[in-house]
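A.B. asks: turn this into a structure:
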Amino acid sequence: MNFDYYTFNIGSPFLSAIINGDHSGLSDQEETDLNCFMDNLPVKNGHFDLMEDEGNFSRCEVSGLYSDCVETRLYFPVAETVSSV
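C.D. replies: So this is what the prediction gives:
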């Protein structure tokens with residue numbers, strides 16, 4: 001199976017919710033922002049993976065605010081092409 005990915009800068013407060021499904025540390029507004037982000041992803045059957053160990057100060061694609069963010073990738077399966085011989 002082949003995979004492709006989308007890259008996102010995600011703020012540190014959202015990582016546990018995205019990776020582990022643990023929303024306990026989020027405020028009501030952060031949870032609303034995260035739900036909106038997840039609902040508008042280009043693919044629904046993907047898997048997030050962290051690409052960095054340390055954050056960088058950039059614009060979070062979930063909240064739209066500048067914060068300590070981590071580059072993440074959303075991997076998703078793509079159809080394999082069959083070549084005819």
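
A.B. asks: mind giving me the packing neighbours of whichever strand or helix holds Phe48?
C.D. replies: Assigned by DSSP states H and E, Phe48 belongs to strand 47-50. Packed against strand 47-50 by the contact rule (3 or more CB pairs under 8 Å, 6 or more residues apart in numbering; DSSP states H and E) you find helix 12-20, strand 66-78. From N, CA and C alone the C-beta is placed, and that goes for glycine too.

A.B. asks: what is the next helix-or-strand element following that strand packed up against?
C.D. replies: Following strand 47-50 in sequence order, the next helix or strand is strand 56-59 (DSSP H and E). Secondary-structure packing of strand 56-59 (3+ CB pairs under 8 Å, 6+ apart): strand 2-11, strand 66-78.

A.B. asks: ok, residues contacting the shortest one?
C.D. replies: When contacts are defined by CB atoms under 8 Å, 6 or more residues apart in numbering, strand 2-11 is touched by residues 18, 41-43, 46, 51, 56, 58-63, 65, 67-80.

A.B. asks: how about that strand: buried residues?
C.D. replies: 5, 8-11 (16 or more other CB atoms under 10 Å).

A.B. asks: cool, the longest one as well?
C.D. replies: By 16+ other CB under 10 Å, the buried positions in strand 66-78 come out as 67, 69-70, 72-74, 76.

A.B. asks: make TSV out of these and add pLDDT.
C.D. replies: Shown next, in TSV, are the buried residues of strand 66-78 (pLDDT from 0 to 100):
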residue	pLDDT
Ser67	93
Cys69	95
Val70	95
Thr72	95
Arg73	96
Leu74	96
Phe76	95
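
A.B. asks: got a list of what Asn45 touches?
C.D. replies: 76-77.

A.B. asks: mind checking which helix or strand it is in?
C.D. replies: Asn45 belongs to no helix or strand when elements are defined using DSSP H and E.

A.B. asks: run a quick check on Leu65 versus Asp33, I expect a contact.
C.D. replies: No - with contact defined as CB atoms under 8 Å, Leu65 and Asp33 do not form a contacting pair (9.1 Å).
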